[in-house]
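*Asks:* sequence plus predicted model, see below.
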Amino acid sequence: MNADHEERFRRIAEDYLDRPGSDYAELLQRGQASSPEGVEPEEWRAEIRAKARADKIRVITIRHGDRAIAARHRSVPKDQELAELTVALERSEILRGVVERARQLGHEIGRWLRHDDEGIAICTRCPARIYVRFHGESRIVDGEALDESCAS
Ligand SMILES: [Zn+2]
């Protein structure tokens, strides 16, 4: 992994350890969250909406295949809101593709830790890592999990 990416990976992981967050905490912090792999999306949406109602926060949630995405509802124009959700969906699709690549090398990737335009993940069976950064239409994708076979 490139040294800059390694540094970012470490920072994001440390931030997370300092402030372990649920998906709801991530939604509050980042303005968006997506349902983790293996979680029933409708249950996840219901849980997020219930917490938001309790906090009197407006959220919108959408279902996309076997995932769901939630975003804080802010006073932005409708078309802009849709554009933001579209970007969130596209990014979640890209991350899925990255996980699939790692799986083909035998890795089992846990959940993503997201930080603004960046995301990190690790293999649950070996120390292989993944670092992703989105730059508008392009992106950086780096990590051992994408070019080395799982050591387990
Ligand atoms: Zn592995």
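*Replies:* Perfect, thanks for sending it.
*Asks:* what's the longest helix anywhere in the chain packed up against?
*Replies:* The single longest helix within the chain, with elements called by DSSP state H, is helix 78-104. Packing partners of helix 78-104 (3 or more CB pairs under 8 Å, 6 or more residues apart in numbering; DSSP states H and E): strand 32-34, strand 59-64, strand 67-72, strand 118-122, strand 129-135. Placement of C-beta: from N, CA and C, glycine included.
*Asks:* distance from it to the middle of the chain?
*Replies:* 9 Å (CA atoms, centre = their mean, to the nearest Å).
*Asks:* who does the next helix or strand after that helix pair with, and is each partner parallel or antiparallel?
*Replies:* Once the chain leaves helix 78-104, the next helix or strand it forms, by DSSP states H and E, is strand 113-115. Strand pairing for strand 113-115, using DSSP bridges, gives strand 118-122 (antiparallel).
*Asks:* CA atoms of stretch 83-91 as PDB?
*Replies:* Written as PDB, here are the backbone C-alpha positions of stretch 83-91 (Å, rounded to 0.1, in the frame of the first residue of the first chain):
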ATOM      1  CA  ALA A  83     -28.100  13.900  -6.900                       C
ATOM      2  CA  GLU A  84     -26.500  13.300  -3.500                       C
ATOM      3  CA  LEU A  85     -28.300  10.000  -3.000                       C
ATOM      4  CA  THR A  86     -27.300   9.000  -6.500                       C
ATOM      5  CA  VAL A  87     -23.600   9.600  -5.700                       C
ATOM      6  CA  ALA A  88     -24.000   7.700  -2.400                       C
ATOM      7  CA  LEU A  89     -25.500   4.800  -4.300                       C
ATOM      8  CA  GLU A  90     -22.800   4.800  -7.000                       C
ATOM      9  CA  ARG A  91     -20.100   4.800  -4.300                       C
END
